[in-house]
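Enquirer: below is the sequence, then the predicted model.
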Amino acid sequence: MKPQLTDQDVKFWGAFPPITNWLSNGLSKDAKVLEVGPGPHPFNRANVFVDSSGQDGAIKCDLNFERLPFKDKEFDFAYSRHMLEDMYNPFHACRELSRVAKAGYIETPSPLAELCIGVDGHSPPYRGYHHHRYLVWAHQGALHFAPKMPLVEHVQMDEWELVNELKPSPVYWNTYFLWAGEISFVHHHDPNPIVYGRTLTEAVNQSQKSSFAFWTHHNIPLNYHGVIYVNQTQQAGAA
């Protein structure tokens, strides 16, 4: 059996409070904040919410193709977490977020999480979250998108590396992307299996560097409720 996460391993699916607290503390008290795709745990600084269902007081808007009902640069900040990877047209969403907000934060599952077996809990032993459409990572100031094709189940990866990076801490579970002015993005869509395999390998490597840089540059604490999570990259660097 290939190395994989089990139901006994901690899963860092949800928003990590040290990150949301850091974002909240960086916003002015009178900031107008939009959250797109709030889910059951909305961002505590958002004062306007949008999702595709329009439930719980959110404004209904399908960002696969619809225009957000707001003026250009109406918001000081836009927050979106674990939404773009689900969409069939995340590029329209990126353009609309860029249009209505001056700056923002986007978080998605990382390529490491999308390629590691057992991430999705009790679901069959597929790679990552089986219902997601895209792998998303940050590199050189842009969000990169690659379609999550069935081929991911057959690409050869360093399975132990994926498991060992995800087990000890939340650092490599997600892509963390701060933007200002406009969201730059790159769409990798070459279906050639050889090119696709190379893209996935590059995505993992670039994602690791980007996530590590985000946590260290912004001094995000790796402790929460008395639990100290280990960052293996930091350990290796100190050895």
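Expert: All right, it came through fine.
Enquirer: going forward, measure contacts between C-alpha atoms and count neighbours the same way
Expert: Noted.
Enquirer: for G14, see how far away D158 is.
Expert: 25 Å (Cα to Cα, to the nearest Å).
Enquirer: quick one, what contacts the residue most central in space within the chain?
Expert: Against the mean C-alpha coordinate of the chain, by Cα atoms, centre = their mean, the closest residue is T108 at 1.3 Å. Residues near T108 by Cα atoms under 8 Å, 6 or more residues apart in numbering: 81-85, 136-137, 174-176.
Enquirer: what's the closest non-adjacent residue to it?
Expert: Computed as Cα to Cα, 6 or more residues apart in numbering, the closest residue to T108 that is not its neighbour in sequence is H82, at 4.6 Å.
Enquirer: and E159, by the same measure?
Expert: The nearest residue in space to E159 (Cα to Cα, 6+ apart) is P3, at 5.7 Å.
Enquirer: so the one you found touches I117, yeah?
Expert: Yes: using Cα atoms under 8 Å, P3 makes contact with I117 at a distance of 7.5 Å.
Enquirer: these two: which is more packed in?
Expert: Neighbour count, other Cα atoms under 10 Å: between P3 and I117, I117 has more, with 24 against 15.
Enquirer: the more buried one and C61, how far apart?
Expert: For I117 relative to C61 (Cα to Cα), the value is 33 Å.
Enquirer: also D30?
Expert: 25 Å.
Enquirer: all strands of the chain, in order?
Expert: For the chain, the strands defined by DSSP state E cover 33-36, 48-51, 59-60, 77-81, 103-109, 134-139, 142-147, 174-180, 185-187, 223-224, 227-228.
Enquirer: for the fifth one, C-alpha coordinates in CSV please.
Expert: So the one you mean is strand 103-109. Backbone C-alpha positions of strand 103-109 (Å, rounded to 0.1, in the frame of the first residue of the first chain) are rendered in CSV as follows:
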residue,chain,number,x,y,z
ALA,A,103,-6.5,44.1,-1.9
GLY,A,104,-7.3,40.6,-0.5
TYR,A,105,-6.3,37.2,0.7
ILE,A,106,-7.0,33.9,-1.0
GLU,A,107,-6.4,30.5,0.5
THR,A,108,-6.9,27.1,-1.2
PRO,A,109,-5.7,23.6,-0.6
